[in-house]
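>>> this one's structure only:
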């Protein structure tokens, strides 16, 4: 066990959950009726404790020992075993999954908010339970009764691991070109059993020595199936075959051919897996043939929201590292008082600006994640079908944003943490540089930021004939219009109004580009559009929080812990609007140039 | 020796030197009269070859083997020794230094442009010759005849290494608080010999086994000297004492107590050095007592420009990695032709946007470095004193910009390279992730970006009663005004005009803040002001290049290598103005908010 670097205090998490989103509505839903707000508070506090005492101390091991490859097997850092055991025993893996299969049955919003703590204390470690549970969920949703009985509980409770086997050496973002193939198993009388053959690459947690078995979910093409994504089927491929009675059978001809050496998350194995090299690999078809992509998308959408949480978790831990350091490290006087003695650098204006940049960015990311998961709970459980539908559409609209924007902003914020720490920020003695290395993967896996932006524009903007997006724009505009003369936040609401207008305007421009055939302008600016949209959503949430905080500030002692928190929140909302939301205007100006130089330039000039 | 990743082609370097800046004026200066333009071309080509064949192959060793600490000694990667020998033998270390002491006597602009290649092929390695030569230059400028005879040539020709010993465990950016002390040596009849005692930390190249001796330049306070930076003196402290006849004497009681483990540049040792633990460390006073900071600033200013070159070197190599990969890696069809077959990803619009972002950023950084060094040559050698003075002031004005902006933009561009490579960008199999780790130090050492912004505002804006800055603003405005109706670049010149106006306006605001006592607004926005200024300077240079390229494009075959280059340059100039320069407007909007939330927030809220 190493040093624990996890120092989240949970105050903002509780603010988001209880004071901003609120839990009353969710507590009214049937599956959550046995919970109370106090239960959630206790769970948050307990999760913080587990992260400090159990997961946090594995983070440095994760980086320094990393995963090792030896003779076809992956060895994880030693401290992972005890950590895994404790998390499994205490139900911290499948927090939001059904009680029937060993989950804790928490609402998505609570699970996501504590998920931030876990990924923030060791993201690399958390990929192992994360994939096992996500995997189990897919089997719970689409498997036969037999599949469910065999696999789900074991995957929710840490008995077996799991993976998503999509990528191949020659098919990455364009998964439709995959080559893995499945043929009906001539030796089986079960028509759902297929022989599997193929190589998968970049398989996170593809092999490890934590659990006795690993259940791969693998995309392959059944012989004769159509080309492209329409001919892809999903298979359950255990590393060790599982007998109908649940006992383990023979090894299933899945060979780990090696692991990647990476910039970060050294403690998460990234494997090349060979399936059926000896013709003895079997898989169980999950659902109908050729329905694999659609099913995998369920897991991918969850995983994309998970990425937003990962980025938040790491960036928030980087912020914690920076703020603690800034309060302790003494250096020369601040700019505004050059004659003063040396002070902790948190009194330096620029350090404070950087901390505020991190604080406001992180709190906005957290609010964003919480909003999305709140909507997911509503979409899943609200008694009114129309309410469920509207919430579900908003979840779909916001998912690519939370994935791409959080991961890219998160990377920038870890940079800021390094900068606050200065020289030691670059040294492994402090965790800032590890956070910067670990977080970088998040903008790549589960679809790059560009893939997310295409999902947003291609699939989401047009939902409901464009009404889902427009409804959102109108809501932001109404909110900012209503508050535009606020005594303290007037300029912030005006900035929000302008940003929403700009975002709406770009979306309209895209319609026009489609019509006029100016197609290249869309992918050339789509990531920037996504960023404009995300910042506007976030500013909306931050101003909601600012209003709540100001209201509460009037009711508490300004010097009390709550008073300081609310005042901090109000200033943070201002900072976000004035310093981060304002980025929308540069992007808008850039997009207005309708610049095509990147495609006009001859390829040979690169 | 590992794989060579260095693939620069040198075309843009030649464009900047011969077609944009021009060499005629410099060739007319006395010290350069024996050179010709062809000599420079040959030197560029030869440097590229050396980087590909000698330095480049050490880059991966630098990262993977790194420097090891063993019993008070630092061991460098094995391949460094041969590389050092070849560079030393062929005069690649002190390229711009005087022939008298073994330098090559090249103009600063040529030395800097090939310096980009060397740092771009292995920045960690290049810290060793870089510090030796920078160090030697300080002794050449301020040492006695005896000092010069003893040290300079050996430091220019790779016989001995060198360091700058400023930082201490408790004094970083506020170097004035250092504690290292010097007392006249009672055993010496030379009044310039002092006993040295103190601990220095983060000393780059502080120990290594490449050379038989290392000459430390160390800042310490002579007993009884004033507190703060005014009481600091500079000492030559050899690791092994150098006898008056040049032979090596006794070890000088300098002990390396350890090295840092870092995010990147593993092959550059970052040492803690204890001086005089046994009371036997001697140093030679360089120059007058208490003049140490001013002298160190000469080296620091060179080093800051050097940082701009380092950032350029690494970012440009990251761009090379990305563009080569993008031409080879085949994935699905582009957005604008969904029915097409798979294509190299360089045909994907967003990949192209990212490549263009890198290309335009890097070429602007290169133009910026070249402009600054051109001015440095003029400042040093022009026969007209007024011309020299004007050029010197511009060098001073631009130095903090090139240091801070290049290092911060460079970091962002390495992120872009990772993103172009996707999954493999995160893997050590490709060099992109190493570039991202290596480059991060550049925004920290030699003064953080914030320190640069204070230098800009505190020392540089007011030079010549503000005329130096204003003269520059006027020049940009005149240039953009003159071209505002250009048939092709009209919008770009207008953006430049607006950006210059915004930058000038912020500077005026600072005057007002000083007068009105709104002091905190300055450090809260100073880094952003620096960025606005830098991007405006760069856009100016890029548009100059665009005009030159367009002119030449009319005179060559569009399909020829030159034709493709010139067309590419013209599009790159547009891209820079429309996609990077436009960032000025968000920052300007943010600064106009005069937001003080970061200082208004209670400290306890962090």
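Everything's here; your move. Just so it is clear, the structure is predicted and the values come from calculations on it, not from any experiment.

>>> give me the element the most far-flung residue of chain A relative to its centre is part of.
Ranked by distance from the centre of chain A (C-alpha atoms, centre = their mean), the top residue is residue A:339, with 46.4 Å. For residue A:339, there is no host helix or strand (DSSP states H and E).

>>> Without its sequence neighbours, what residue ends up closest to it?
If the residues on either side of it in the chain are set aside, residue A:339 comes closest to residue A:333, at 7.0 Å by C-beta to C-beta, 6 or more residues apart in numbering or on different chains. Using the backbone N, CA and C atoms, a C-beta is placed for each residue, glycine as well.

>>> contacting residues for the one you found?
Residue A:333 is in contact with A:339-343, counting by C-beta atoms under 8 Å, 6 or more residues apart in numbering or on different chains.

>>> List buried residues within the residues you listed.
When these are checked for burial by 16 or more other C-beta atoms under 10 Å in any protein chain shown, the buried set is residue A:342.

>>> for the contacts of residue A:333, which one is nearest residue A:308?
Ranked by distance to residue A:308 (C-beta to C-beta), the contacts of residue A:333 are led by residue A:343 at 36.4 Å.

>>> I'd say the closest one and residue A:331 touch.
Yes: the criterion here is C-beta atoms under 8 Å, and residue A:343 meets it with residue A:331 at 7.5 Å.

>>> before we move on, what SS does the residue nearest to residue A:339 have?
Counting by DSSP: H, G, I helix; E, B strand; the rest coil, the backbone at residue A:333 sits in coil.

>>> State the distance from it to residue B:529.
From residue A:333 over to residue B:529 the distance is 21 Å, taken as C-beta to C-beta, to the nearest Å.

>>> got it, and residue A:173?
Relative to residue B:529, residue A:173 is positioned 39 Å away (criterion: C-beta to C-beta).

>>> how is chain A carved up into domains?
What automatic domain parsing lists as the domains of chain A is A:11-153, A:161-292, A:463-606.

>>> Which one of the ones you listed lies nearest to residue B:247?
For residue B:247, the closest of the domains of chain A is domain A:11-153, at 44.3 Å, according to C-beta to C-beta.

>>> How far off centre is that closest one?
13 Å (C-alpha atoms, centre = their mean, to the nearest Å).

>>> Averaged pLDDT, that domain. What do you get?
Domain A:11-153 comes out with an average pLDDT of 97.

>>> Now do the contacts for residue A:41.
With C-beta under 8 Å, 6+ apart, residue A:41 has these contacts: A:14, A:18.

>>> any idea how far it is from residue A:118?
Between residue A:41 and residue A:118 the distance is 18 Å, computed by C-beta to C-beta.

>>> Tabulate the domains of chain A (CSV), appending distance to residue B:386.
Listed next are the domains of chain A as CSV, based on distance: least, C-beta to C-beta, whole Å:
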stretch, distance to residue B:386
domain A:11-153, 57
domain A:161-292, 51
domain A:463-606, 39
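
>>> between these, which one is nearest to residue B:490?
Distance to residue B:490, taken as C-beta to C-beta, is lowest for domain A:463-606 among the domains of chain A, at 11.6 Å.

>>> Number of residues surrounding residue A:226?
By the other C-beta atoms under 10 Å in any protein chain shown criterion, the neighbourhood of residue A:226 contains 10 residues.

>>> Oops, could you answer that again for residue A:384 instead?
Neighbours of residue A:384 under the rule other C-beta under 10 Å: 10.

>>> now do the one 5 residues further on
Residue A:389 is flanked by 13 other residues according to other C-beta under 10 Å.

>>> what does the one 3 residues further on give?
By other C-beta under 10 Å, the residues close to residue A:392 number 18.

>>> can you pull the buried residues of the strand or helix carrying it?
Following DSSP H and E, the helix or strand that holds residue A:392 is helix A:385-421. For helix A:385-421, a neighbour-count test (16+ other C-beta under 10 Å) marks A:390-421 as buried.

>>> wait, what's in contact with the residue nearest to residue A:315 when sequence neighbours are not counted?
What sits nearest to residue A:315 in space, not counting adjacent residues and going by C-beta to C-beta, 6+ apart, is residue A:410, at 4.0 Å. Residues near residue A:410 by C-beta under 8 Å, 6+ apart: A:311-312, A:314-315, A:365, A:439, A:442.

>>> Quick test: name the residue nearest the centre of chain A.
residue A:307 (1.8 Å).

>>> helix, strand or coil for that residue?
Secondary structure, three-state DSSP: residue A:307 is helix.

>>> What pLDDT does the model give it?
Residue-level confidence at residue A:307 comes out at 98, pLDDT.

>>> quick one: it from chain B, how far?
In this view, residue A:307 and chain B are 14 Å apart by C-beta to the nearest C-beta, to the nearest Å.

>>> how about that residue, what does it touch?
The neighbours of residue A:307, taking C-beta under 8 Å, 6+ apart as the test, are A:402-403, A:406-407, A:442, A:445-446.

>>> swap the cut-off to 6 Å and go again
With contact set as C-beta atoms under 6 Å, 6 or more residues apart in numbering or on different chains, residue A:307 has these partners: A:403, A:407, A:442, A:446.

>>> Please tell me how far the second one sits from chain B.
With distances taken as C-beta to the nearest C-beta, residue A:407 is found 10 Å from chain B.

>>> close enough to count as contact, residue A:500 and residue A:475?
No: in this structure residue A:500 lies outside contact range of residue A:475 using C-beta atoms under 6 Å: 9.0 Å.

>>> Which residue of those two possesses the greater neighbour count?
Between residue A:500 and residue A:475, counted using other C-beta under 10 Å, residue A:500 has the larger neighbour count: 27 against 12.

>>> what residues does the stretch 101-250 of chain A put near chain B?
When proximity is defined by C-beta under 6 Å from any C-beta of the partner chain, the stretch 101-250 of chain A lies next to chain B at A:172-174, A:202.

>>> can you rerun that using 7 Å?
On the criterion C-beta under 7 Å from any C-beta of the partner chain, chain B has as its neighbours in the stretch 101-250 of chain A the residues A:172-174, A:177, A:202.

>>> Spatially nearest residue to residue A:484 (excluding sequence neighbours)?
Of all residues not flanking residue A:484 in the chain, residue A:493 sits nearest, at 4.9 Å (C-beta to C-beta, 6+ apart).

>>> In terms of helices and strands, where is the one you found?
Applying DSSP H and E as the criterion places residue A:493 in helix A:490-516.

>>> Going by contacts, tell me the helices and strands next to that helix.
Secondary structure elements in contact with helix A:490-516, counted by 3 or more C-beta pairs under 7 Å, 6 or more residues apart in numbering or on different chains; DSSP states H and E, are helix A:467-482, helix A:521-553, helix A:583-592.

>>> and the direction of it versus that of helix B:583-592, what angle?
Per axes from the mean of the first three to the mean of the last three C-alpha atoms, to 10 degrees, the angle that helix A:490-516 makes with helix B:583-592 is 160 degrees.

>>> Measure how the helix holding residue A:392 sits relative to helix A:467-482, angle-wise.
The directions of helix A:385-421 and helix A:467-482 differ by 70 degrees, with the same axes, to 10 degrees as the criterion.
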